[in-house]
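1. The following block contains a protein sequence and its predicted model.
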Amino acid sequence: MTRTRVRHCCEACGAEAPKWLGRCPDCGTWGSLVEAVAPTARAATPSVVPGAAVPLASVGTDPGARRPSGVGELDRVLAGGFVPGSVTLLGGEPGIGKSTLLLQSLAAMAAAGARCLLVSAEESPEQVRLRAERLGPLPGELLVLAETSLPYVLAHAETIAPDVLAVDSIQMVADPDSPGVPGSVSQVRDCAQRLVRYAKERDVATVLVGHVTKEGTLAGPRVLEHVVDTVLSFDGDRHHALRFLRARKHRFGPTDELGLLEMRADGLASVPDASAIFLADRREGSAGSVVAPVLEGTRPLLVEVQALVAASSAAMPRRAAQALDASRLAMLLAVLARRAGVDLGMHDVYSSVAGGVRVQETGVDLALVLALVSAHLDRPVADDTVVLGEVGLGGEVRQVPHTARRLAEAARLGFRRAIVPTSTADVSGLTLTRVPDVTTALTPLGPLAQ
């Protein structure tokens, strides 16, 4: 017996409601709930089980031979390349370079002998050709199809039998049998599920390009992220050349790797030495500037933590944190006032990380504290010094993971001194100044000494 169930879905976040509401109860968007009718059926219990349970110990762990993408930083994030039958969702802001990264990767795989099909739902084949000519030679195994109807896309894929299928973008593809307009919750969900089913049945590595909302999250229902195997986030400042590639979800590898690419006239180029780029324009002898070694996945990076402190006449002085955790900045200001006697309550405080990389880890706590005091006293930290450590509420300086790897990167780039927690082991090439707490780090024996 089959019945129909009327439900209302939010076109912004995919949340469901039993009745129509003027405002979505989850995301707060006005006028986003639309009616969707979904059939529900009471299926009888099958008499024949199609599959048999097997011991977990007998299940193989090899997901299959990975296909390198041809872009080194993309392979780093994917732990070697695309897995046959996997579905990857690539999201990012408009104009950030998603289509360029996808086309560059498809061209490299096609040049290596893979049969690749690019479904361009937003651009014509001529537009795709113009972009491809900037990237290098055009391999014959790279096919392009300008189509927005999902049945036609799947029909062409069945005929061509590609090794890699890419859809740019999933929000522009529509299924005539599904309700809603292209880009709606029901269309995005149904199209993604059918493409996932095709990828699993034909063992085709599939890449879906997705739009993001103004808050930076992937547009469409949350189920879009759940049905795919990998979710990649491609971001960066459009006014700078650096781009950052991260895996928010990856069923075939770790999710803590960071890919760094540079946008050039001939496409995206991998950045092998990111620390040198982040510190290339650093001004020596500048107060409020401290270098801190951070860790993105297995890659150590040296970034410049900057601070600016200025007297304020406002009742509520401004606190601004760019590429840093604002709540962490507020906590460190409280620790400085209570534990070290440095009260910046009547000052405007600005902090940032130069270069555009966003740092969320606590390993930059001590560097940010020293940058704040350096800016406040207008006394620079020594140029050959890096600072590493987490600051606790009691003002103590704590150890952070993989300290030796971070400090080795600093020594490679020519730094000679480091301000570190007391439990840090010696590192070749660096003179360590071990501090137990914030107060000790700010003494004349510390980096603020003349």
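-> That came through fine.

2. what ranges do the strands span in the stretch 251-400 of the chain?
-> Taking DSSP state E, counting those that start in this stretch as the criterion, the stretch 251-400 of the chain carries its strands at 258-264, 267-270, 289-296, 299-311, 319-322, 347-353, 385-387, 390-391, 397-398.

3. export those strands to a markdown table and tack on distance to Thr206 and mean pLDDT?
-> Placement of C-beta: from N, CA and C, glycine included. As requested, those are arranged in a markdown table below (distance: least, CB to CB, whole Å; pLDDT from 0 to 100):
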| stretch | distance to Thr206 | mean pLDDT |
| --- | --- | --- |
| strand 258-264 | 20 | 90 |
| strand 267-270 | 21 | 92 |
| strand 289-296 | 27 | 93 |
| strand 299-311 | 28 | 93 |
| strand 319-322 | 36 | 94 |
| strand 347-353 | 35 | 96 |
| strand 385-387 | 43 | 96 |
| strand 390-391 | 41 | 97 |
| strand 397-398 | 44 | 96 |
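
4. of the ones you listed, which approaches Leu138 most closely?
-> strand 267-270 (13.2 Å; CB to CB).

5. Would you reformat the strands of the stretch 251-400 of the chain as CSV and include mean neighbour count?
-> Below are the strands of the stretch 251-400 of the chain laid out as CSV (neighbours: other CB atoms under 10 Å):
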stretch, mean neighbour count
strand 258-264, 20
strand 267-270, 19
strand 289-296, 24
strand 299-311, 20
strand 319-322, 15
strand 347-353, 20
strand 385-387, 26
strand 390-391, 22
strand 397-398, 22
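
6. Kindly reformat those as CSV and extend each row with distance to Arg338.
-> Converted to CSV, the strands of the stretch 251-400 of the chain look like this (distance: least, CB to CB, whole Å):
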stretch, distance to Arg338
strand 258-264, 35
strand 267-270, 45
strand 289-296, 21
strand 299-311, 17
strand 319-322, 17
strand 347-353, 16
strand 385-387, 21
strand 390-391, 12
strand 397-398, 15
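
7. Would you mind measuring from the nearest residue to Ala321 once chain neighbours are set aside to Ala367?
-> Residue nearest to Ala321 in three dimensions, not counting chain neighbours: Leu329, with 4.6 Å by CB to CB, 6 or more residues apart in numbering. From Leu329 across to Ala367, the span is 12 Å (CB to CB, to the nearest Å).

8. Between the two, which is the more surrounded one?
-> More crowded of Leu329 and Ala367, by other CB atoms under 10 Å: Ala367, with 29 against 20.

9. Quick check: the gap between the more buried one and Glu16.
-> 46 Å.

10. what's the answer for Thr422, then?
-> Between Thr422 and Glu16 the computed distance is 54 Å (CB to CB).

11. from what I can see Leu138 touches Ala132, true?
-> Yes: with contact defined as CB atoms under 8 Å, Leu138 reaches Ala132; the gap is 5.7 Å.

12. Could you tell me the average pLDDT over stretch 408-421, please?
-> Mean per-residue pLDDT for stretch 408-421: 94.

13. same deal with stretch 201-217?
-> Stretch 201-217 comes out with an average pLDDT of 84.

14. Going by neighbour count, which residues of that stretch are buried?
-> Across stretch 201-217, burial judged by 16 or more other CB atoms under 10 Å covers Arg202, Val204, Ala205, Thr206, Val207, Leu208, Val209, Gly210, His211, Val212.

15. Same question for stretch 77-90.
-> 77-79, 81-90.

16. likewise stretch 330-348?
-> Leu332, Leu333, Val335, Leu336, Arg339, Ala340, Val342, Leu344, His347, Asp348.

17. Which members of the residues you listed are the farthest-apart pair?
-> Pairwise over these, using CB to CB, the maximum falls at Arg339 and Asp348, 21.9 Å.

18. Help me confirm that Lys200 comes into contact with Val83.
-> No: with contact defined as CB under 8 Å, Lys200 does not count as touching Val83 (11.4 Å).
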